[in-house]
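Peer 1: got a predicted structure plus its sequence, pasted below:
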Amino acid sequence: MRPPQTTQEERMTRTPSLVAAVRDGDAEALRAALGRGEDPAERDERGWAALDWAAGRGDVPAVRALLDAGADPRARGPEGRSPYEIAVAAGKVDAARVLREVTGEGADGWRPYCKAYLVAALRAFPDWSTVDGEGLTAETVVYLHHDLTVTRSIWHGEDVLWSHSSPEWAEFCREDLGFRVPDDLELVPGGSGTGRR
């Protein structure tokens, strides 16, 4: 016997039990829904899949169970975010790590990034003297960017003071200034591991 067919309108006005189980944090209902073979790709009336809810709640066991059941970790929710991005935005670092293991999202470490420094700190680099003719004082704030360029502006590529790349400059930035582009999970403010308290 085949299950009754539902119309698009009916699907959009009800919440699949798999999604409801994850949304409500009901691990037993989640196992039961997966045991019945419910489709992990099905979405609720707002367009959220069970994996989106698990990621946003930081429910690592649910994330793992849904991935094991074939949930697509690269599927985008109604706001255009992947489950990984949902977990990061919600500050659920442990769930984001599990999703990153599967998708590789955020693992490359590259993000447009800059950090402010006083010119006094950069003057310790021997070749910096070529820039000092730009009317900079020791207290002038400048910005060191992910590609090791230095600008007067916080915006990358705007009002560039230094764009000379060399192994010595890279070592100075890393060793003397302690500069590095942080992993995106390090940037999660107050990131908690799970959704449970």
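Peer 2: Received, thanks. Numbering: from 1, shown residues only.

Peer 1: helix, strand or coil for the closest residue to residue 38 other than its chain neighbours?
Peer 2: Leaving aside its sequence neighbours, residue 38 sits nearest to residue 18 (Cβ to Cβ, 6 or more residues apart in numbering; 4.2 Å). Any C-beta I mention is one placed from the backbone N, CA and C, and that applies to glycine too. Secondary structure assignment for residue 18 (DSSP: H, G, I helix; E, B strand; the rest coil): helix.

Peer 1: neighbours of residue 18, just the number please.
Peer 2: 28 (other Cβ atoms under 10 Å).

Peer 1: pretty sure it contacts residue 50?
Peer 2: Yes - at 4.9 Å, residue 18 and residue 50 qualify as touching, with contact defined as Cβ atoms under 8 Å.

Peer 1: common neighbours of those two, please.
Peer 2: Listed as contacting both residue 18 and residue 50 by Cβ atoms under 8 Å, 6 or more residues apart in numbering are 30, 40, 42.

Peer 1: I'd like these written out as CSV, with distance to residue 119 and secondary structure added.
Peer 2: Formatted as CSV, these follow (distance: Cβ to Cβ, whole Å; DSSP: H, G, I helix; E, B strand; the rest coil):
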residue, distance to residue 119, secondary structure
30, 56, helix
40, 54, coil
42, 57, coil
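
Peer 1: are any of these buried, and which?
Peer 2: 30, 40 (16 or more other Cβ atoms under 10 Å).

Peer 1: residue 145: which of the shared contacts of residue 18 and residue 50 is nearest?
Peer 2: Of all those, residue 40 has the smallest distance to residue 145: 40.3 Å, by Cβ to Cβ.

Peer 1: tell me the secondary structure for residue 38?
Peer 2: Taking three-state DSSP, the label given to residue 38 is coil.

Peer 1: measure it to residue 17 for me?
Peer 2: Residue 38 sits 7 Å away from residue 17, going by Cβ to Cβ, to the nearest Å.

Peer 1: okay, and the helix or strand of the protein with the least pLDDT?
Peer 2: Sorting the helices and strands of the chain by mean pLDDT, DSSP states H and E puts helix 8-12 at the bottom, at a mean of 48.

Peer 1: this structure: helices as residue ranges?
Peer 2: Along the chain, the segments classed as helices by DSSP state H run 8-12, 17-23, 27-35, 50-57, 60-68, 83-89, 93-103, 119-122, 167-171.
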